[in-house]
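Student: Quick check, what structure comes out for this input:
(one chain, ligands or ions: 1)
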Amino acid sequence: MNIKEALTQIVSSAFSQCGYEARLGGVAESARPDLCQYQCNGALAAAKQAKKKPIIIAEEITSCLENDDRFSKIETAPPGFINITLSDKYLAGLLNTMSGDSRLGIRKAEVKTVVVDYGGPNVAKPLHVGHLRSAIIGQSLCNLARFLGYNVISDVHLGDWGLQMGLVISEVELRQPNLPYFNAEYNGEYPKEPPITEEELSEIYPAAASRAKTYSEFAARASRATVELQDGLPGYRKLWEHIREISISSLKRDYSRLGVSFDKWLGESDAGKYVPKVLGLLDEKGLLADSDGAKVVEVALAEDREPMPPMIVVKSDGGDNYAITDLASLLQRRSDWNPDECWYIVDNRQTLHFKQVFRAACLAGLFTQSQCTHYGFGTMNGKDGKPYKTRDGGVMRLSELIASVTASARAKVELSSVEMSEQEMADAARQIGVAALKVGDMINHRSKDYIFDIERFLATDGRTGPYLQYTTVRIRSVLKKAEASGFIPGEILAPQSQTERALGLALLTLPDTLSRALNEKAPNIICEAMFSIAGELNRFYFENKIISCPDSSIRSSWLGLLDLTRKALELLLGIIGIEVPRSM
Ligand code: ARG
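Tutor: Numbers count the residues shown, from 1 in each chain. Here you go, the predicted model:
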């Protein structure tokens, strides 16, 4: 149950009972927790229409509710606030209901089918840290939406169709010209084994890119190869398949280390076959215009305040470009999955691109504007404030980044006084390193840039992943110790202290937290809630001797509260993709 919704219902009916509009009864968390737990400001809004002082209206409402035993206090504060404090008995009842429910009282949302486009790695180019944010934010949003009942289709949308493919093909051709892929006369079977290894591939792309920069002839050849590949030249197609396969297996390995996975491994190439159809749709509607040998769609609107250039859909060399590919993949998504919404978790720097694509999709009649949304994110920067790089100034690959955070975590794990086997240490180092990385990222609103600082992210105190893991490990260990003495979690009783009450209230926010995070596509809301729950838990833990409490009903109530806290943290950690080590 969403407590704010429940209180809103109660207060709204009081408003209508007193002759005011029910919609004025909205209840929010208190802006003054020292005075009350929740508040309603509806009397202020009602005053004008009713031509009464807000405080008078607030008094009418509070006197209507003052005998309600769900509240320990409901009172007015000038100029017309209604301040609400729950009764401890009501609070305990709500916590017990939550604890007894496998979904912790969190209802499913209205069912929708959504396609989530995230990851967006490019074949042949290594996965770099820019793809990190897309992967972890996107995966969290998928997990969240699934938990809330959505039908989610996640698609990695591989970059496997652009110039990088022509560059790699041309570079291989230059190095091994005698391979059958490059012989136009060849009509035998192509080799089953790829002509290059994963390692070679990772070296070939940068080599080809720099060659293209120096030699315009090579660059032209790579562009030609791209168009020929897109036109289906059999040798190129076969070589491309090999390159794609090598790339996908290394991508899957990197992603699985991060707990990221996709339902669909479609790519720009799969959109390729929808390009003619989508161009046909645009043409039918008279939306295609010629511009210097290219074809464009005019997507500007009268209300635009910023320049909105036309979207190029066919380049002058005839190749498919990024924009038409995205438009074609919207057609594929509509035809195959008919989703209610499409979410794109892609770098902020692509904002203009997505505006153009979504407007064109709308003009072509594929989706309405509100169905497709780009949820952008900022950059992960180094301490110099510039996009994060390796020590020698190169682009840091994701696999290197994961290896380096795991090594830093390992150094900490080795200092721990807890006995661990080699396997446990290795697992803990990976889990802690990834948690540090993820929370370091997702504690920030996705649209913001942030500074990567692994030492800070790894601290077990502060707003970090390891702190949340540590808190969960602590709760599990108290529960285990208690169980060993025969004490098990029982019914949660009315709180005895302010810290216990605060922990209960923090737990009550769970349903609201998840629905806000989903509405705003903001995993940082989940992180904030975890820090507030973990903070209250730790205060409660330090204030009370739980296992040695002499009163058995209080002890079992406290264990019940701890157990509910554990379930809440585990749920939230699971959504943002954090595993909890066995010990740390
Ligand atoms: N491959 C692109 C890049 O690395 C990102 C793809 C994002 N998704 C999309 N549908 N355009 O920049």
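
Student: give the contact list for Ile204.
Tutor: By Cβ atoms under 8 Å, 6 or more residues apart in numbering, the contact set of Ile204 is 124, 168, 171-172, 196. C-beta here means a position set from N, CA and C on the backbone, and glycine is covered the same way.

Student: at 10 Å instead, please
Tutor: When contacts are counted by Cβ atoms under 10 Å, 6 or more residues apart in numbering, Ile204 touches 124, 167-169, 171-172, 174-175, 196, 243.

Student: try Asp270
Tutor: With Cβ under 10 Å, 6+ apart, Asp270 has these contacts: 155, 157-158, 160-161, 264, 325, 328-329, 332, 336.

Student: Select from the residues you listed every entry located in strands.
Tutor: In strands, judged by DSSP state E, the following of those are found: Asp155.

Student: List buried residues within the contacts of Asp270.
Tutor: 155, 157-158, 160-161, 264, 325, 328-329, 332 (16 or more other Cβ atoms under 10 Å).

Student: Out of the residues you listed, which comes closest to the ligand?
Tutor: Closest approach between the buried ones among the contacts of Asp270 and the ligand, by Cβ to the nearest ligand atom: His157, at 4.4 Å.

Student: In space, what's closest to that closest one - neighbours in sequence excluded?
Tutor: Spatial nearest neighbour of His157, chain neighbours left out: Asp117 (4.9 Å); criterion: Cβ to Cβ, 6 or more residues apart in numbering.

Student: Surely that neighbour is in contact with Ser154?
Tutor: Yes. Counting by Cβ atoms under 10 Å, Asp117 touches Ser154, with 8.2 Å between them.

Student: quick one: which of the two has more around it?
Tutor: Counted by other Cβ atoms under 10 Å, Asp117 and Ser154 do not tie: Asp117 has more neighbours, with 28 against 25.

Student: For the more buried one, which residues count as its bridge partners?
Tutor: Counting by DSSP bridges, Asp117 forms beta bridges with Asp155, Tyr344.

Student: how about it, what does it touch?
Tutor: Residues in contact with Asp117 (Cβ under 10 Å, 6+ apart) are 134, 138, 153-157, 262, 264, 266, 326, 329-330, 333, 342-346, 354, 372, 374-375.

Student: Check Ser202 too.
Tutor: Neighbouring residues of Ser202 by Cβ under 10 Å, 6+ apart: 124-126, 196, 246-247, 250, 397, 399.

Student: And what about it, helix, strand or coil?
Tutor: helix (DSSP: H, G, I helix; E, B strand; the rest coil).

Student: try the one 5 residues further on
Tutor: For Ala207, the reduced secondary structure class is helix; criterion used: three-state DSSP.

Student: got the CA coordinates for stretch 279-288 in PDB?
Tutor: This file holds the C-alpha atoms of stretch 279-288, laid out as PDB (Å, rounded to 0.1, in the frame of the first residue of the first chain):
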ATOM      1  CA  LEU A 279      11.100   5.300 -47.000                       C
ATOM      2  CA  GLY A 280       8.000   4.300 -48.900                       C
ATOM      3  CA  LEU A 281       5.800   5.500 -46.000                       C
ATOM      4  CA  LEU A 282       7.600   8.800 -45.900                       C
ATOM      5  CA  ASP A 283       7.300   9.100 -49.700                       C
ATOM      6  CA  GLU A 284       3.600   8.300 -49.700                       C
ATOM      7  CA  LYS A 285       3.000  11.100 -47.300                       C
ATOM      8  CA  GLY A 286       5.000  13.500 -49.400                       C
ATOM      9  CA  LEU A 287       7.500  14.000 -46.700                       C
ATOM     10  CA  LEU A 288      10.700  13.300 -48.600                       C
END
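
Student: how far is stretch 196-209 from where the chain is centred?
Tutor: Mean-position distance between stretch 196-209 and its chain equals 31 Å (Cα atoms, centre = their mean, to the nearest Å).

Student: List the buried residues in that stretch.
Tutor: Those would be 196, 201-202, 204-206, 208-209, for stretch 196-209 by 16+ other Cβ under 10 Å.

Student: how about the residues of the stretch 1-150 of the chain near the ligand?
Tutor: Applying Cβ under 6 Å from any ligand atom, we find that the stretch 1-150 of the chain lies next to the ligand at 117, 120, 122.

Student: which one of those sits closest to Ile533?
Tutor: Asp117 (31.6 Å; Cβ to Cβ).

Student: For that closest one, give its distance to Cys142.
Tutor: Using Cβ to Cβ, to the nearest Å, one gets 11 Å for the distance from Asp117 to Cys142.

Student: between those two, what contacts are shared?
Tutor: Counting by Cβ under 10 Å, 6+ apart, the contacts common to Asp117 and Cys142 are 153-154, 262, 343, 345.
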